[in-house]
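Undergrad: here is the input, now give the coordinates:
(2 chains)
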Amino acid sequence: MLDVNIIRTQPETIRQMLINRNKDTGILDRFLSADSEWRMLTDENNRLRKVRNEVSLQISKLGKGDEKDSKIVEMRDVGEKIKDNDARIAELELIRDDCTLNIPNIPHTSVPVGKDSTENVVIYEKGEKRKFDFAPKQHWEIAESLDIIDFDRGVKVAGSGFYCLKGDGARLERALINFFLDTHIRQGYTEVFPPIVVNKAALTGTGQYPNLKDDMYHIEKDGLFLNPTAEVPVTNLVMDEIFEIDKLPVLYTAYLPSFRREVGKHADTKGIIRVHEFNKVEMVRFVHPDTSYNVLETLRGDAEELISSLKLPYRVLLLCTGDMGFSCSKCYDIELHAPANDVWLEASSCSNFTDFQARRARIKFRPEPHMKSEFIHTLNGSGLALPRTMVAILENYQNRDGTVAVPEVLVKYMGKEIIG
RNA sequence: GCCGAGGUAAUCUAGUCCGGUAAGGUGGUGGUCUCGAAAACCACUGGCGACUCGCCUCGGGAGUUCAAAUCUCCUCCUCGGCGCCA
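TA: Okay, here's the model as predicted:
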């Protein structure tokens, strides 16, 4: 959520921002028109209430008589007018709230303007793409022949888009989660394990609600949603809280399953690249506003360290305005190379949300003791999404004989060097 | 699921029966005093706005009323007891 004062005083900045993000600008005009009428009626009601407060006090001090009766009659009309205005104000507030909740964050000046993912900028590539002296297999072929992923039985218990890890597959998943968490703890994060279901307030706080509501599993009876990304429960742990300056920065990491309905998406991706349920380790940072763009680089480095340790080839993209998430002001995607099809797979997204989420979730800090509190800056990044890391490992570490080498850093977690 | 107790400002609490400007304690800041500190005393210490002024604020919403923290109805949350239960 943006500061409404910015929308009021710099509407053209917001209009250009919406155009850069490839979004309809109608929302801005609806806001401006509802807001100016709201301000006018609110002011009128303030003046009417002042009259009513004063006269009501007089009434309370008057004895029975005509003067009292006539003032009561007079105030009855004032009360009616206030009530009518309030009804209209409530309507306008719905419009205003709908607009402010749906206007995205303002991209940082360093973010390239572009219409969609084709205009993202590759910052750099690291690591050598694997070269094969045999025909590399697809990850699902490897997984099935090694019997480490059971696609059919996953479908049996939950339906299309779900799968079951088995044997060394399940163990590799657990090894990766532990390796990721251990690395982040060393990097200074505190591990948390929050609830896997989240409520509407939490989803609103980080910006998934309302604009992504159809992408989430909804437990209607209890008003809860299955976690779409650990960003939601972890960031909202501190909803409505004020940090003292000496407690900053706060760094959390969490392993948590994530759920996506993926409606309208083609189920043409074989294997585990796009699934309804996947594990992910997430990093979340709460920082002083002056530092957030520098911290974004650090956060991205924290994710890259995992990939470098696994010795996987990857590249870093700076997302353009048209492809960036709703709440971000700046976002890097990190993509792993999957050699079987020579494609890049997004395994991490690292974003600065500035005060956009903090304003929605009311997360503040006090710059100096006893001073007025200000909104904090929030950042998060995946470190990393499990299925795509698994794909990259299976495809990059495969051998001619169908076995898969275990990346060196995972050997102590796996207790073996070869899956075969 | 049933029963009970609660939700008031940064925090703790009073006020609710019986409607009339949200009282007080703690913590905090500033001041007086002091060589300095403590204590004591004084002032300030929720949000918003078009900012000498005003409006809003007692979990949320609706209603009654000239007027609602207070009365009525609905609802959310927390804690406890019972029940069920991995």
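Undergrad: what's the helix or strand for the closest residue to residue A:229 other than its chain neighbours?
TA: On the basis of C-beta to C-beta, 6 or more residues apart in numbering, the spatially nearest residue to residue A:229 that is not a chain neighbour turns out to be residue A:258, at 5.1 Å. Where C-beta positions appear, they are placed from N, C-alpha and C, glycine not excepted. Residue A:258 is part of strand A:250-259, with elements assigned from DSSP states H and E.
Undergrad: you'd agree residue A:274 is up against residue A:262?
TA: Yes: using C-beta atoms under 8 Å as the test, residue A:274 is close enough to residue A:262 to be in contact (6.3 Å).
Undergrad: quick one: the helices in the stretch 201-350 of chain A?
TA: Taking DSSP state H, counting those that start in this stretch, the helices of the stretch 201-350 of chain A run over residues A:231-236, A:292-310.
Undergrad: of all these, which lies closest to RNA strand B?
TA: Distance to RNA strand B, taken as C-beta to the nearest atom of the strand, is lowest for helix A:231-236 among the helices of the stretch 201-350 of chain A, at 13.7 Å.
Undergrad: mean confidence for that closest one?
TA: Computed over helix A:231-236, the mean pLDDT rounds to 92.
Undergrad: elements contacting that helix?
TA: Identification of packing neighbours for helix A:231-236 by 3 or more C-beta pairs under 8 Å, 6 or more residues apart in numbering; DSSP states H and E yields strand A:197-199, helix A:200-206, strand A:250-259, strand A:277-287, helix A:356-361, strand A:377-385.
Undergrad: so which of those gets nearest residue A:128?
TA: Taking C-beta to C-beta, strand A:377-385 is the member of those nearest to residue A:128, at 19.8 Å.
Undergrad: who are the packing partners of the closest one?
TA: Other helices and strands packing on strand A:377-385, by 3+ C-beta pairs under 8 Å, 6+ apart, are helix A:168-186, helix A:231-236, strand A:277-287, helix A:292-310, strand A:343-352, helix A:356-361.
Undergrad: what angle separates that strand from helix A:168-186?
TA: Using axes from the mean of the first three to the mean of the last three C-alpha atoms, to 10 degrees, the inter-axis angle of strand A:377-385 relative to helix A:168-186 is 150 degrees.
Undergrad: what's the angle between strand A:377-385 and strand A:277-287?
TA: Comparing the axes of strand A:377-385 and strand A:277-287 via the same axes, to 10 degrees yields an angle of 150 degrees.
Undergrad: mind listing residues that contact whichever helix or strand comes after strand A:377-385?
TA: Heading C-terminal from strand A:377-385, the first helix or strand you meet, by DSSP H and E, is helix A:386-396. When contacts are defined by C-beta atoms under 8 Å, 6 or more residues apart in numbering, helix A:386-396 is touched by residues A:130, A:136-139, A:142-143, A:169, A:172-173, A:176-177, A:271-273, A:275, A:278-281, A:310, A:312-313, A:336-340, A:345-347, A:404, A:407.
Undergrad: close to RNA strand B: what parts of chain A are there?
TA: Chain A comes close to RNA strand B at residues A:5, A:39-40, A:42-43, A:45-47, A:49-50, A:52-57, A:59-60, A:72, A:75-76, A:78-79, A:83, A:90, A:223, A:369-370, A:372, as judged by C-beta under 7 Å from any atom of the strand.
Undergrad: many thanks, I have nothing further to ask.
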